[in-house]
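Asks: The sequence isn't on hand, but the structure is:
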């Protein structure tokens, strides 16, 4: 059972914090798809009681990192630096009774003193105790992403400025509901010109950056947004493909089994660099998936987003707001011949000035 809370805007460091509240006195009750939600009363500003806002997306690839802040009633202007929590007790509990206390690194960010990382498929509980605020806690895990690269082949392209590839992946699904995303990127040779702008570098002088790659797939349950995955009426992007290099899907049709997925993509032809492709498969916890799903339901271009019916968002934090959710990634980095590569050798994100 999770809580829905008033929609929010706020400083985005890891995830967007639901920490601004419109001072309405109403009851919000929502049932989104199959998610169970608890009604939350929105209080008038004069009687608003702050809560801890937990902002934590954790993965086995990185050390424990949590950002904490204090929620506030919705106002026109906020000095966010005054609302970060710098003196909280933050504990991570594992199922075996192990406890690790995180330390404050600055600006409300708490990290493991030993640079410890979470493990996949382990349910962790965070407990936050901040002076003057209710104690908050939440639980989640990073479900393991299990996938394998089956093969890669280059096919002829009618466009001389591009090279075309077909790649097959196999995703091995575990028992239980799972939610996935799949990203495709390629390396772009880049440098900074005299004006400091990032430009394509055709003489390999300045390093490389990741650039999203448009792709198509034979797996027609993929969708362009998280919100569309559980909506049977959402269309499959037949003509446009996945223009931003990202797709989302669930294991609805291959629960507990393996799924072979074929991807088709065109990579720009660079004089300075052969094609280097990166594919990542992510397995999301329900907590992080639902939070993100709710987060983007409001129209971000609506200037009156806080007017009329109050917006809601998902939170799994008991006694507080925000999200504590895990995610696990499997990366495949291969060149045009299927040979693995690493970011250090190809100077990824090491950008120099363009050669004169």
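Replies: Thanks, I have the structure now. What you see is a predicted model, and the numbers here were worked out from it, not measured in a lab.

Asks: Which pLDDT value belongs to residue 322?
Replies: pLDDT recorded at residue 322 is 93.

Asks: For it, which non-adjacent residue is spatially closest?
Replies: Nearest residue to residue 322, sequence neighbours excluded (Cβ to Cβ, 6 or more residues apart in numbering): residue 54, at 4.0 Å. Yep, even glycine has a C-beta here, placed from its N, CA and C like the rest.

Asks: Tell me, how many residues neighbour the one you found?
Replies: 29 (other Cβ atoms under 10 Å).

Asks: That one - that's part of a strand, no?
Replies: Yes - under DSSP: H, G, I helix; E, B strand; the rest coil, residue 54 sits within a strand.

Asks: Verify the contact between it and residue 125 for me.
Replies: No - Residue 54 is not in contact with residue 125 according to Cβ atoms under 8 Å; the separation is 11.6 Å.

Asks: intersection of neighbour lists for these two?
Replies: By Cβ atoms under 8 Å, 6 or more residues apart in numbering, residue 54 and residue 125 have these common neighbours: residue 138.

Asks: Helices along the stretch 151-300 of the chain, start to end?
Replies: 226-229, 286-295 (DSSP state H, counting those that start in this stretch).

Asks: Check those for me and report the most buried one.
Replies: helix 286-295 (a mean of 24; mean count of other Cβ atoms under 10 Å).

Asks: Give the next helix or strand downstream of that helix.
Replies: strand 312-315 (DSSP states H and E).

Asks: counting contacts, what elements does that following strand pack onto?
Replies: Where contact means 3 or more Cβ pairs under 8 Å, 6 or more residues apart in numbering; DSSP states H and E, strand 312-315 is packed against strand 2-6, helix 286-295, strand 320-335.

Asks: gap between residue 338 and residue 169?
Replies: Computed as Cβ to Cβ, to the nearest Å, the residue 338 to residue 169 distance reads 13 Å.

Asks: With residue 266 instead?
Replies: Using Cβ to Cβ, we find residue 266 at a distance of 18 Å from residue 169.

Asks: same check, this time on residue 220
Replies: Distance of residue 220 to residue 169, computed by Cβ to Cβ: 16 Å.

Asks: the more surrounded of those two?
Replies: Applying other Cβ under 10 Å to residue 220 and residue 169 shows that residue 169 carries more neighbours, namely 22 against 11.

Asks: Test my guess that that one contacts residue 147.
Replies: Yes - between residue 169 and residue 147 there is a contact under Cβ under 8 Å: 5.7 Å.
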